[in-house]
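*Asks:* Here is a sequence with its predicted model. Questions after.
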Amino acid sequence: MAKERILVVDDEESLCEILQFNLEVEGYEVDVAYSAEEALECDVASYDLLLLDVMMGAMSGFRMAQELKRNPATASVPIIFCTARDSEDDTVAGLNLGADDYISKPFSLREVIARVRSVLRRSTTPKSDNDIVSYLTLSLDRRSKRCTLDGNEVQLTKKEFEILALLLSNRGRIFSREEILERVWTDEVVVLDRTIDVNITRLRKKIGQYGHNITTRLGYGYGFEE
């Protein structure tokens, strides 16, 4: 069985060496890069995981992650940020970029190894048929929360994603606003019907040629029809 490959990207050479040594002891194949620019020269798509620092030289780890997530060839490569930027805003920003985990420096090697195992286990778990919902070239991955159109990722908000998943997985069925509220806005106490309409309008624009498949039945609600 081939070893899982990890790319460590950090401008602290000593830290790279420590991480490389300890991860290799755990049985992983590990390469290092000392800047985002150097890392992007590697075949990033060939790695099973990136350990990525945030504060580096001209290109930050956040910017590198944005570039990787925009590229279909590298969008699915898991990322763990390892950084001294440990505020709640930084953590949220990193996770919103699509990172799979966020570890604050200083960290213990045991913690890093445990997080690496966890992320790799999640990313290599076979997907069931129920995780993927698609119609022609429009596809939703409910495990990774990604939407793709003609192979390119579409940036959806959480509510937009959940509405589309609901409609797409129940093609031909019309959902009333009340049903959509119950299934998508489960935690909110008061949500106006207008909120659903706004989300549907944005969703139609984002999914291009399939926007017209989201139909409106006046007095009844919304559905996705072939």
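*Replies:* Okay, I see it. None of the values given here were measured: they were computed from a predicted structure.
*Asks:* quick one: contacts for the spatially most central residue of the chain?
*Replies:* Geometric centre of the chain, nearest residue: Gly98, 3.7 Å, by Cα atoms, centre = their mean. If a contact means Cβ atoms under 8 Å, 6 or more residues apart in numbering, then Gly98 has 65, 69, 75, 79 as its contacts. C-beta here means a position set from N, CA and C on the backbone, and glycine is covered the same way.
*Asks:* for the lengthiest helix in the chain, packing partners?
*Replies:* In the chain, with assignment by DSSP state H, the single longest helix is helix 109-124. For helix 109-124, the elements it packs on are helix 13-25, strand 49-52, strand 79-83, strand 101-104, judged by 3 or more Cβ pairs under 8 Å, 6 or more residues apart in numbering; DSSP states H and E.
*Asks:* now the helix or strand just after it: mean pLDDT?
*Replies:* Once the chain leaves helix 109-124, the next helix or strand it forms, by DSSP states H and E, is strand 132-135. Across strand 132-135, the average pLDDT comes to 86.
*Asks:* in strand 132-135, what's buried?
*Replies:* Val133 (16 or more other Cβ atoms under 10 Å).
*Asks:* neighbouring contacts of that strand?
*Replies:* Residues outside strand 132-135 that contact it (Cβ under 8 Å, 6+ apart) are 139-142, 165, 168-169, 171, 210, 213, 224, 226.
*Asks:* and of those, the nearest to Ile18?
*Replies:* Asp141 (34.6 Å; Cβ to Cβ).
*Asks:* what sits against that closest one?
*Replies:* Counted by Cβ under 8 Å, 6+ apart, Asp141 has contacts 127, 131-132, 147-148.
*Asks:* now the contacts of Gly98 as CSV including neighbour count?
*Replies:* Output for the contacts of Gly98, formatted as CSV (neighbours: other Cβ atoms under 10 Å):
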residue, neighbour count
Ala65, 23
Lys69, 19
Ala75, 16
Ile79, 24
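*Asks:* Domain boundaries for this protein, per the record?
*Replies:* 5-124, 130-224 (automatic domain parsing).
*Asks:* which of these sits most buried?
*Replies:* domain 5-124 (a mean of 17; mean count of other Cβ atoms under 10 Å).
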